[in-house]
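Trainee: any chance you can model this:
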Amino acid sequence: MPVPFETLIPYVIITAMFGVTGAGLSGIRHYAGGGKKHRWSLDTWDRQMMDRDRRLTGVLRGQTDNAIAPPGFEVNQPWRGEKRFS
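Mentor: Numbering: from 1, shown residues only. From the prediction side, this is the model:
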């Protein structure tokens with residue numbers, strides 16, 4: 001006995017929504033990574049270097065080959081000064 005096509009419509013919709021969601025998440029990751037592949041298993045060193053690159057270029061995954069840092073980078077540091085108890 002054949003299956004009526006109306007019973008398959010929800011399965012097609014669910015499968016299509018999984019595909020749309022996967023493509024959307026892939027696009028968001030691609031856009032957030034500056035057009036580069038997603039990075040996995042980042043350690044402390046990688047995070048520090050990515051933060052330094054973000055402060056140098058303004059983009060998290062951006063890199064520069066300039067030997068001299070741009071003006072203002074010497075005061076652009078991730079360390080926050082503590083408030084003294086005086």
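Trainee: would you map the helices across the chain?
Mentor: 9-32, 44-57 (DSSP state H).
Trainee: could those helices go into a markdown table alongside mean pLDDT and mean neighbour count?
Mentor: (C-beta placed from N, C-alpha, C; glycine too.) Below are the helices of the chain laid out as a markdown table (pLDDT from 0 to 100; neighbours: other Cβ atoms under 10 Å):
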| stretch | mean pLDDT | mean neighbour count |
| --- | --- | --- |
| helix 9-32 | 94 | 10 |
| helix 44-57 | 85 | 13 |
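Trainee: dump those into JSON lines; add distance to residue 70 as well.
Mentor: JSON lines is the format used below for the helices of the chain (distance: least, Cβ to Cβ, whole Å):
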{"stretch": "helix 9-32", "distance to residue 70": "23"}
{"stretch": "helix 44-57", "distance to residue 70": "7"}
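Trainee: figure out which of those is closest to residue 74.
Mentor: helix 44-57 (11.0 Å; Cβ to Cβ).
Trainee: chain center to that closest one, what's the gap?
Mentor: Computed by Cα atoms, centre = their mean, to the nearest Å, the chain-centroid distance of helix 44-57 equals 13 Å.
Trainee: just the C-alphas of that helix, formatted as PDB.
Mentor: C-alpha atoms of helix 44-57 as PDB (Å, rounded to 0.1, in the frame of the first residue of the first chain):
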ATOM      1  CA  THR A  44      46.000  30.500  26.100                       C
ATOM      2  CA  TRP A  45      48.800  31.500  23.700                       C
ATOM      3  CA  ASP A  46      46.400  31.400  20.700                       C
ATOM      4  CA  ARG A  47      43.900  33.600  22.600                       C
ATOM      5  CA  GLN A  48      46.600  36.100  23.500                       C
ATOM      6  CA  MET A  49      47.800  36.300  20.000                       C
ATOM      7  CA  MET A  50      44.300  36.700  18.600                       C
ATOM      8  CA  ASP A  51      43.700  39.500  21.100                       C
ATOM      9  CA  ARG A  52      46.900  41.200  20.100                       C
ATOM     10  CA  ASP A  53      45.900  40.900  16.400                       C
ATOM     11  CA  ARG A  54      42.500  42.300  17.200                       C
ATOM     12  CA  ARG A  55      44.100  45.300  19.000                       C
ATOM     13  CA  LEU A  56      46.500  45.800  16.000                       C
ATOM     14  CA  THR A  57      44.100  45.400  13.100                       C
END
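Trainee: before I go, just wanted to say thanks for your time.
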